[in-house]
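Asks: Fold the following, please.
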Amino acid sequence: MPRLRVPHTLVLLFAIIVLAQILTYLLPSGSFDRETIESGQEVVVAGSYHYVEAEPLPPWATLTAVPQGIGAAAGIIIFIFIVGGAFAILRETGTADALIGFLLRRFSSRPGLLIAGGILVFTAGSSTIGMAEEYIPFVPILVALSLALGYDRITAMGILCIGYSVGYGCAVANPFTVIIAQSFAEIEPVSGIGFRLALTVVFLAIGIHHVWSYASRVRQDPSKSLMARTEIAQDESVRGKEYAVPQARHWAILGLVVAALALIVFGLSRWHWYLNEMGAIFLGLAILIAVAGRLSADRTAETFTAGAAELTGTALLIGFARTIQVVLEQGQVIDTIVYGISIPLEQLGSTGAAVGMYFFQSICNFFIPSGTGQVYVTMPLMVPLADLIGIERQVAVLAYQFGDGFTNILVPTNAVLVGYLALAQIPLDRWFRFVMPFMIKIWIAGSLALAAAVYLGYS
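Replies: Purely as a prediction, here's the structure:
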């Protein structure tokens with residue numbers, strides 16, 4: 001039987017953009033009233049949904065929305081280009097290969113430790129300071145290391161994405177999600193930390209087991225890889241490759257990289273940095289690496305340009321992913337969707353409503369992939385609903401965290417996820433086949449956790 005050929009990721013995203021435009025014709029346009037709070041952010045006023053007059057989008061709106069989507073994602077696209085150029089210079093100095101060789105010699109006999117440790121590190125970064133885009137530079141290193149250990153590209157992204165997902169889903173002090181959500185619920189910031197830490201252990205165990213089980217099958221039989229029989233099959237050239245032993249200059253360059261990452265973490269947590277500042281740090285890092293690696297100015301410029309050019313496809317995918325939301329916003333149907341799927345929750349009991357909130361937030365994450373943006377739209381609706389149904393507001397916050405955080409690695413409207421997968425050269429359909437069993441486990445475990453939270457009066 002001939003195998004079904006799945007279209008290119010760009011084709012799939014464009015098809016979703018077209019479907020989004022069709023949706024704007026089928027659903028009525030509507031909007032919630034919004035008010036400005038002390039922080040300067042606009043929030044939804046509960047109970048204020050109303051229909052609005054809106055002109056139907058013209059047939060060519062799909063085409064005009066694409067440049068707008070690329071423009072809306074300009075910040076992360078520029079960051080991607082700068083990171084690509086900086087990493088190309090790092091490779092040119094031989095430091096990346098030397099680091100991979102060092103890690104291989106350390107962990108080749110204990111690959112499970114590398115998988116578990118990697119997931120734990122990414123979980124910690126997302127759980128505490130909300131790291132996501134900051135992981136982009138790690139993608140090429142993780143892929144190369146995974147292939148050299150006999151795994152595949154999906155294993156590499158499983159380590160990163162599942163760690164990122166668990167970190168956001170059970171966030172301890174993520175300033176972009178849980179802290180803002182708790183402020184809306186008028187409960188103490190970072191409160192309920194003990195229960196979330198316990199849940200982190202549970203979900204980490206599920207995630208590590210999922211990645212390790214898959215990775216073990218691939219290592220024993222490469223034909224079991226979800227990347228097998230694809231145009232981007234596992235790169236056999238890395239098997240048996242001899243990696244250089246790190247020299248003094250390699251360690252000096254790695255020291256510069258660590259210092260830059262530390263500065264970024266500090267800037268994010270203390271000075272509220274974001275993409276512009278991070279891009280500037282990586283641009284400065286690229287110059288310092290070139291100096292330490294004794295690259296000429298012309299060679300540095302050529303390498304940087306080539307590295308950035310390699311990520312053009314990734315940049316386009318990110319822009320197309322952002323376009324989906326642009327179309328839905330222009331059609332003024334996002335509030336209609338949120339309003340429509342929130343109504344049935346009022347008819348459920350306390351436990352059913354808590355679980356329903358989880359799935360409500362999971363669906364909303366497709367249409368509003370920004371965790372912070374989702375807070376401002378959904379929490380003003382969920383907090384009064386929690387009071388009406390008789391569940392603790394802390395439970396409503398936890399349901400939001402689960403819905404936003406865990407589905408970050410599933411929805412194709414998440415530009416960060418699309419960027420990860422494009423860098424790793426993983427088609428969306430192959431990623432979905434890997435991540436869906438994990439998501440089913442998480443949806444079940446998350447539902448049980450919320451039922452327990454209601455029963456225990458988590459507050």
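Asks: roughly how far apart are P222 and A228?
Replies: From P222 across to A228, the span is 7 Å (CB to CB, to the nearest Å). (C-beta placed from N, C-alpha, C; glycine too.)
Asks: I meant E133, not that one.
Replies: As judged by CB to CB, E133 and A228 stand 30 Å apart.
Asks: the more surrounded of those two?
Replies: Here E133 and A228 are set side by side on neighbour count (other CB atoms under 10 Å), and the busier one is E133, at 19 against 14.
Asks: ok, the more buried one - contacts?
Replies: 76, 79, 275, 278, 416, 419 (CB atoms under 8 Å, 6 or more residues apart in numbering).
Asks: right, and the last one touches F79 too?
Replies: No - using CB atoms under 8 Å, G419 and F79 do not qualify as a contacting pair, with a distance of 9.3 Å.
Asks: Those two: which has the busier surroundings?
Replies: Set G419 next to F79 and count neighbours by other CB under 10 Å: G419 wins out with 27 against 23.
Asks: wait, is the more buried one part of a helix?
Replies: Yes - read with DSSP: H, G, I helix; E, B strand; the rest coil, G419 is one of the residues of a helix.
Asks: Distance of it relative to V397?
Replies: Taking CB to CB as the measure, G419 and V397 are separated by 28 Å.
Asks: Poorly predicted segments of the stretch 101-250 of the chain, please.
Replies: 231-244 (pLDDT under 70).
Asks: the strands in this protein, which residues?
Replies: Taking DSSP state E as the criterion, the chain contains strands spanning 30-31, 34-36, 42-44, 50-51.
Asks: Quick check: the gap between P111 and L450.
Replies: For P111, the distance to L450 equals 34 Å [CB to CB].
Asks: nope, I343 is what I was after
Replies: Taking CB to CB as the criterion, I343 is separated from L450 by 20 Å.
Asks: between those two, who's got more neighbours?
Replies: For I343 versus L450, the count of surrounding residues by other CB under 10 Å is larger for L450: 24 against 9.
Asks: Settle this for me: A260 is touching A280, isn't it.
Replies: No - here A260 does not reach A280: they are 10.5 Å apart, not a contact under CB under 8 Å.
Asks: Between those two, point out the one with more neighbours.
Replies: Using other CB under 10 Å, the more surrounded residue of A260 and A280 is A260, with 20 against 14.
Asks: quick one on the thing from earlier: out of the contacts of E133, the closest to T336 would be?
Replies: Set against T336, the nearest of those by CB to CB is V416 (26.2 Å).
Asks: give me every residue that touches the closest one.
Replies: V416 makes contact with 76, 132-133, 136, 408, according to CB under 8 Å, 6+ apart.
Asks: do the same with T230
Replies: Contact partners of T230, counting by CB under 8 Å, 6+ apart, are 427, 430.
Asks: related to what we said a few turns ago, of the strands of the chain, which is nearest L268?
Replies: strand 42-44 (23.6 Å).
Asks: tell me the mean pLDDT for the closest one?
Replies: When the per-residue pLDDT values of strand 42-44 are averaged, the result is 71.
Asks: before we move on, what about stretch 289-306?
Replies: 94.
Asks: do stretch 336-345 as well
Replies: For stretch 336-345, the mean pLDDT works out to 81.
Asks: just to revisit the earlier point, could you dump the contacts of E133 to JSON lines with pLDDT and distance to A88?
Replies: Output for those, formatted as JSON lines (pLDDT from 0 to 100; distance: CB to CB, whole Å):
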{"residue": "I76", "pLDDT": "84", "distance to A88": "19"}
{"residue": "F79", "pLDDT": "86", "distance to A88": "15"}
{"residue": "L275", "pLDDT": "82", "distance to A88": "19"}
{"residue": "M278", "pLDDT": "85", "distance to A88": "17"}
{"residue": "V416", "pLDDT": "88", "distance to A88": "21"}
{"residue": "G419", "pLDDT": "89", "distance to A88": "17"}
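Asks: would you list these in TSV and tack on distance to P28?
Replies: Shown next, in TSV, are the contacts of E133 (distance: CB to CB, whole Å):
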residue	distance to P28
I76	32
F79	37
L275	35
M278	40
V416	31
G419	34
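Asks: Restricted to helices, list those residues.
Replies: Using DSSP state H, 76, 79, 275, 278, 416, 419 are the members of the contacts of E133 that sit in helices.
Asks: Just give me the closest of those residues to G117.
Replies: Of all the ones in helices among the contacts of E133, V416 has the smallest distance to G117: 22.1 Å, by CB to CB.
Asks: before we move on, the earlier item: is it possible to get TSV of the contacts of V416 that adds distance to L256?
Replies: What follows is the contacts of V416, written out as TSV (distance: CB to CB, whole Å):
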residue	distance to L256
I76	24
A132	23
E133	20
I136	18
N408	30
